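S.K.: Task: produce atomic coordinates for the following.
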Amino acid sequence: MKFLPATGLIVMITLASACARLEEVGKAPSFSPSRTGDEYFAISQPSQGAGQVDREPLQMASLWSRDRASLLGDRRAGSAGDILTIVIEIDDRAEMSNQSERSRNSSQSIAIPQFFGVPQELNQVLPDGASLDNAAETNSASGFAGDGATRRNEKLELRIAATITAVMSNGVLQIAGTQEVRVNFELRELRVTGFVRPSDISRRNEITYDKIASARISYGGRGQISDVQQPRYGQQVADIVLPF
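M.R.: Here you go, the predicted structure:
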């Protein structure tokens, strides 16, 4: 009877999660709201424009202008709210193998053929075939061999537009980018965050993922296919609780 409250609680939680999932039957996964998060806050704020701070006044009579809208202007992102492109091309390969082997042999024997004549006297009393000439003899052998190998191959090629959410006091740019693509009933999500230096941004306003400090790259999805590939909640709990 003491287990009834706990059992009822588990049943209620299970029914609540089931009802939430039943609402998604026959529907495509919904997009996340775009007008939330650090990206929208940074873009919605008035921007001074990248590179416009601490610039010398332009000559009105000059044929060439360094303004961002001009032909030779610097269009690279540099202030909060600006957008740049992140190029993700991951092609990692790792392979490791090791082997170990160990063996040991030992042999010991104890013999007392002469000990003040005591062994000879005892040999007469011992049963036939028994003798103290070789009192004891032991042999032991042990061996161990181990072999292990690890191989990993990951390849990912993506491009995503990220937003500068903040400019640190030392000039480093904090970026964040999200992308969602829905195909039929499957939604693919790509999220990138990290810190970059303005000098690492190319003239095409692009930066590769290996120049992002504290990079956090997440590529996943949700929908019917992802749901089938995941084990049920009860199975996940059982895998954690069961000791075997």
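S.K.: contacts, neighbours, all on C-alpha from now
M.R.: Noted.
S.K.: In this structure, which strand is the longest?
M.R.: Looking only at the chain and at elements set by DSSP state E, the strand with the highest residue count is strand 136-167.
S.K.: For it, name the packing helices and strands.
M.R.: Packed against strand 136-167, as judged by 3 or more C-alpha pairs under 8 Å, 6 or more residues apart in numbering; DSSP states H and E, are the following elements: helix 37-44, strand 83-110, strand 173-183.
S.K.: Pull out the buried positions in that strand.
M.R.: Going by neighbour count (16 or more other C-alpha atoms under 10 Å), the buried part of strand 136-167 is I160, A161, A162, T163, I164, T165, A166, V167.
S.K.: got it, and stretch 182-202?
M.R.: Taking 16+ other C-alpha under 10 Å as the neighbour-count basis, stretch 182-202 is seen to contain the buried residues 182, 186-198, 201.
S.K.: how close does the closest residue to L173 other than its chain neighbours sit to V196?
M.R.: Nearest residue to L173 in three dimensions, chain neighbours excluded: V167, at 4.8 Å (C-alpha to C-alpha, 6 or more residues apart in numbering). The spacing between V167 and V196, counted by C-alpha to C-alpha, to the nearest Å, is 10 Å.
S.K.: ok, now L190?
M.R.: Using C-alpha to C-alpha, one gets 18 Å for the distance from L190 to V196.
S.K.: likewise D92?
M.R.: Using C-alpha to C-alpha, one gets 22 Å for the distance from D92 to V196.
S.K.: quick check: angle from the longest strand of the chain to strand 173-183?
M.R.: Between the axes of strand 136-167 and strand 173-183, defined by axes from the mean of the first three to the mean of the last three C-alpha atoms, to 10 degrees, the angle is 100 degrees.
S.K.: Let the chain start at 219 from now.
M.R.: Understood, numbering begins at 219; the last thing we discussed is strand 354-385.
S.K.: angle of strand 354-385 against strand 301-328?
M.R.: Angle of strand 354-385 versus strand 301-328, following the same axes, to 10 degrees, is 170 degrees.
S.K.: mean confidence score for strand 354-385?
M.R.: Rounded to a whole number, the mean pLDDT of strand 354-385 is 82.
S.K.: do stretch 324-344 as well
M.R.: The average of the pLDDT scores along stretch 324-344 is 68.
S.K.: mind checking pLDDT for A298?
M.R.: Reported pLDDT at A298 in the predicted model: 90.
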